[in-house]
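Peer 1: From the sequence below, what's the structure:
(2 chains)
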Amino acid sequence: MEDAGFIVGSYVVTFAMVALVAWRFVRHGRRLAKQVPDDEKYWL
Amino acid sequence: MTMIDQDPLPPRASTSGTTATRATRLLGLATIMSMAWLVAFGLGFSPADRDQEEAVRILYVHVPTIWIAYLAFVVTALGSAIYLFGRNHSLGFDRLAGASAEIGVAFVAATLVVGSLWGRLTWGVFWRWDARLTTTALLFVSYIGYVAVRRLGGSHHQRARRSAVIGLLAVLEIPLVHWSVRLWRSLHQEATVLDPGGDIDMDGLMLFSLFVGVVSFTLLYVWLLMHRTRSMAMEDLLDEQGLDVALEARRAEASGR
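Peer 2: Numbers count the residues shown, from 1 in each chain, chains lettered A, B, ... in the order given. Alright, predicted model coming up:
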């Protein structure tokens, strides 16, 4: 069952990497958004 | 310290503290649902391959991540070209290019790590200096350089100009990566889906699993891109305000003498 570890591991690694990037983007966005008035936010 | 960790100005009143909107929340939900489908089809419903056996399941994440990385770098090149050759030299396109490159780098990193796991099962080794692997590593390093160049000093337009040139040059590596398996003798298999002959020699359920992977990572890419471009717009705004505050303080200091 060595293969199963590699196969499941590849999914875990991929999802963990993209989740880490997503978390950093959202956290950074939240930190900046507190310092910028809403009228400067084109997406609101 | 990277730009991402900086807090240039103190908090202000009347702000909503997020880069999310209704659209990004719906997109995020769709991404999570499609990822669940990917796990179900990739690890459960799709059959084992005749030659690769169970290792083929890795390809349902490995192949979409590199395709989306290609897409991200093409978007970087398009954003760079529009900034550089457009009439307005809009920084919005520069930020689109920068955000897309950052996401592409993350996707290539995932491709390299997962590809090495697939290589261990299929070839018996994690890494070979094979044409496909080497050109993909070169692509990764090139865009790390692109992201690093964006963080050098200077005005926003200086940043945009120099990174646009790199973005337009680096994208030329993508055909090299894609065709490397044909240009050189390579251990890596040739394209199965993006075959120039047009014949897709895959089981229907395998092809569908790959399709679910491509849809999942495309949705994720768009979601990440929306959040990151919004953050970058705020970074630029706070940079400008920080510069204005510093200039005002310098003028006040000079007039006080």
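Peer 1: Which strand or helix spans whatever residue of the stretch 1-150 of chain B ends up closest to chain A?
Peer 2: Here the stretch 1-150 of chain B gets closest to chain A at one residue, residue B:19, 3.4 Å apart by C-beta to the nearest C-beta. The C-beta positions use only the backbone N, C-alpha and C, and glycine is treated the same way. With secondary structure defined by DSSP states H and E, residue B:19 is part of neither a helix nor a strand.
Peer 1: give me the element the nearest residue to it once chain neighbours are set aside is part of.
Peer 2: Leaving aside its chain neighbours, residue B:19 sits nearest to residue A:29 (3.4 Å; criterion: C-beta to C-beta, 6 or more residues apart in numbering or on different chains). Using DSSP H and E, residue A:29 sits in helix A:2-33.
Peer 1: got the contact list for the residue nearest the centre of chain B?
Peer 2: Using C-alpha atoms, centre = their mean, the residue of chain B that lies closest to the mean C-alpha position is residue B:104, 1.5 Å off. Contacts for residue B:104 were tallied using C-beta atoms under 8 Å, 6 or more residues apart in numbering or on different chains; they are B:68, B:69, B:71, B:72, B:73, B:76, B:143.
Peer 1: Can you verify my assumption that residue B:227 contacts residue A:29?
Peer 2: Yes - counting by C-beta atoms under 8 Å, residue B:227 touches residue A:29, with 5.5 Å between them.
Peer 1: Any regions of the chain where pLDDT drops low?
Peer 2: Since you didn't name a chain, this refers to chain A. Across chain A, the ranges flagged by pLDDT under 70 are A:1-2.
Peer 1: other chain: chain B
Peer 2: Short version for chain B, where the test is pLDDT under 70: B:1-16, B:186-187, B:189-200, B:256-257.
Peer 1: if we can go back for a sec, which non-adjacent residue is nearest the residue nearest to the centre of chain B?
Peer 2: Residue B:104 sits nearest to residue B:72 (C-beta to C-beta, 6+ apart), 3.2 Å away.
Peer 1: Ok, residue B:205 next?
Peer 2: Per C-beta to C-beta, 6+ apart, closest to residue B:205 is residue B:46, 5.0 Å.
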